[in-house]
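# Quick one: sequence plus predicted model below, questions after.
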Amino acid sequence: MSVGPDEEPLLAVRDLEVVFHTEREEIHAVDGVSFDIHEGETVGLVGESGSGKSVTARSILGLVDSPGSIEGGKIGFRGDDLTDDNWERHRGDIAIVFQDPSNSLNPVYTVGNQIKEALRIHQGIRGNEATERAVGLLEDVGIPDPRRRVEEYPHQLSGGMQQRAVIAMALACDPDLLVCDEPTTALDVTIQAQILDLLADLQREEDLAILFITHDMGVIEDATDRVNVIYAGEIVERAPTGMLFSEPAHPYTEALLRSIPGRTNAADRLPTIEGEVPTPTGQAEDCRFAPRCPYAFAECHETPPEHVDVGAERSAACLLHEDGSEEAAERTVFDGSEAVSGGDSA
Ligand SMILES: Nc1ncnc2c1ncn2[C@@H]1O[C@H](COP(=O)(O)OP(=O)(O)OP(=O)(O)O)[C@@H](O)[C@H]1O
Ligand code: NI
């Protein structure tokens, strides 16, 4: 896929493979994932529970633990391949915000001390200057009365304020890339919206690149510039956000969109897709979505689909879009003349 301007992406994940070796089986949690993030853009990674989003996120930070390991691919960041054990070198250039802020905050230290610790480690800032910076960061993330809050312990803050404090800690590293793994899922809806606004502001002001991980298509629509849709360890569609919503190319994307409450006529439709994400335990031998796909035909159960260009900066891994396929012409879910123009016929 060609991605916008020719500039080098900030992050270039290529054919990433992460395998968990459990007693019973080998789980290919991330199975050949590739995507780019350019400076200052927000890229979404969306998919149902168990699709490999968090494992992808942890891989970028070098946080995959036993029994899992990165077994293939590259993670390019500023000219280095992080998988060549370059995480230490870029520690602080990439920060992560997890779903549950209480897991990222240490209950026995004040919020201020935790931010100051990050400032000391990543920027060598100490003492009074660090205290002032910590207050400033709390202010930047919209925590009222930051001079008082900086002295408080995490339990004295609400969930939303805790997540703001975690974001302040992440910013204390002065990162280029912020990985947000379901940062608002644990928060109630109004607070969610506030955190999304905060991230959007920060991105504009700090020119941060953000990888935004969620299972919520509504959040993807609000928060991202481009989207990668992941299913059972594989990216099945990538597209600019607006296009993904107006013309989904992959049946899985279509199903995710239909699952957004309020987007379909049936008012109280269940916000789920029937069936479950399969656990990838070996090489893909078919389309992993085929068992749940309303458009699947015989070949879908026999061949793993390759990514095919379905327009500018868009691709989908679906046989419906393979050039030359009869079904493609008849049954394509992607409406428009560009749909089958760029595909490599197999
Ligand atoms: N520690 C582990 N041991 C064994 N398997 C694991 C482990 N962590 C993850 N996996 C496997 O990797 C798959 C992907 O997990 P991951 O946490 O990336 O999903 P996710 O897309 O982030 O889902 P969610 O939306 O629920 O957070 C899991 O379904 C599981 O099979
Ligand atoms: Ni997750």
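Happy to help now that I have it. Numbers count the residues shown, from 1 in each chain. Ligands and ions are numbered 1, 2, ... in the order given.

# When you work out contacts or count neighbours from here on, use the C-alpha atoms and nothing else.
OK.

# Quick check: chain neighbours aside, which residue is closest to Ile230?
Distances taken as Cα to Cα, 6 or more residues apart in numbering place Gly47 nearest to Ile230, at 5.1 Å, with adjacent residues excluded.

# and the helix or strand hosting Ile27, does that touch ligand 1?
Here Ile27, judged by DSSP states H and E, is contained in strand 26-37. Yes - judged by Cα under 6 Å from any ligand atom, strand 26-37 and ligand 1 are in contact via 27, 29.

# Repeat that for stretch 42-55.
Yes - using Cα under 6 Å from any ligand atom, stretch 42-55 comes into contact with ligand 1 via 48-55.

# For the stretch 151-300 of the chain, which segments count as helices?
Here the stretch 151-300 of the chain has its helices, by DSSP state H, counting those that start in this stretch, at 159-172, 189-206, 217-223, 241-246, 251-258.

# ok, and which of the ones you listed has the densest surroundings?
Counting by mean count of other Cα atoms under 10 Å, helix 159-172 has the highest mean neighbour count of the helices of the stretch 151-300 of the chain, with a mean of 25.

# neighbours around Asp85, how many?
10 (other Cα atoms under 10 Å).

# got the residues of the stretch 1-150 of the chain near ligand 1?
Within the stretch 1-150 of the chain, the residues that sit near ligand 1 (Cα under 6 Å from any ligand atom) are 20, 27, 29, 48-55.

# cutoff 5 Å now
Residues of the stretch 1-150 of the chain found near ligand 1 (Cα under 5 Å from any ligand atom) are 29, 49-55.

# Give me the sheet partners of the strand holding Ile27 and which way each runs.
Partner strands and pairing direction for strand 26-37 (DSSP bridges) are strand 11-21 (antiparallel).

# buried set for the strand it pairs with?
Across strand 11-21, burial judged by 16 or more other Cα atoms under 10 Å covers 11-20.

# For stretch 105-116, list every residue counted as buried.
105, 110-116.

# Which SSE is immediately downstream of the strand holding Ile27?
strand 42-46.

# Next, the angle from that next one to helix 189-206.
If you take axes from the mean of the first three to the mean of the last three Cα atoms, to 10 degrees, strand 42-46 sits at 140 degrees to helix 189-206.
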